[in-house]
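Q: Sharing a sequence plus its predicted fold:
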Amino acid sequence: MDVDGVTITEKLGYGTDKKKLVADIEALHEVNPMLGLRGCRLGIVHKNVTEMQVRAIMNAAADCMEQDDGKQPRPRIMIPLIGSVKEFEHQALLIKKEANAIQAKRKIDTPYKIGTMIEVPRATLVSDKIASAFDPADGKTL
């Protein structure tokens, strides 16, 4: 598929390698995804999933800014289904790295926030520790 002269595979970071994209998608197949990898754990095991999502979000923000000089998007990137501080920190670091790379490549400076929601029982038991990982000056939100 072609969007403004750029293929979707290029936008997702696969260049023109459609076979690799298809192979990666097929590798994620699960018999019962409700029992398998979900949320942040999917992004931890397959970091390219998180990177691809962040690239899409930040490229959309850059596209918005290029189309209208007055627009200043403020993406909020939420890390789903965390159960520990370590899971949050792992994904936040990956998000920050990818978002900053897109900002440098596209020459944009759009503020973004990284956050999470307390969605799983395990997270409620360690929510005080998760909250301590947030630094409002760092753009993180709970």
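A: That came through, no problem.

Q: and the closest residue in space to Glu51 that isn't next to it in sequence, how far is that from Lys107?
A: In this structure, Glu51 finds its nearest non-sequential neighbour in Glu98, 4.9 Å apart by CB to CB, 6 or more residues apart in numbering. C-betas here are computed from N, CA, C, even on glycine. Computed as CB to CB, to the nearest Å, the Glu98 to Lys107 distance reads 16 Å.

Q: just the strands in the protein please.
A: 2-3, 6-7, 76-79, 113-116, 140-141 (DSSP state E).

Q: Which one of Glu98 and Lys107 is surrounded by more residues?
A: Glu98 (21 against 9; other CB atoms under 10 Å).

Q: ok, now which ones touch the residue minimising distance to the centre of the chain?
A: With distances taken as CA atoms, centre = their mean, the residue of the chain nearest its centroid is Val54 (3.7 Å). By CB atoms under 8 Å, 6 or more residues apart in numbering, the contact set of Val54 is Ile77, Leu94, Ile95, Glu98, Ala99, Ile102.

Q: ok, it to Ile25 distance?
A: Val54 sits 18 Å away from Ile25, going by CB to CB.

Q: if we can go back for a sec, from the contacts of Val54, pick the one nearest Val45.
A: Leu94 (12.2 Å; CB to CB).

Q: Could you give the number of residues near the closest one?
A: Leu94 - counted by other CB under 10 Å - has 19 other residues nearby.

Q: who touches the closest residue in space to it that isn't next to it in sequence in this structure?
A: Nearest in space to Leu94, with sequence neighbours left out and distances taken as CB to CB, 6+ apart, is Thr50 at 5.3 Å. Counting by CB under 8 Å, 6+ apart, Thr50 makes contact with Gly43, Gln91, Leu94, Ile95, Glu98.
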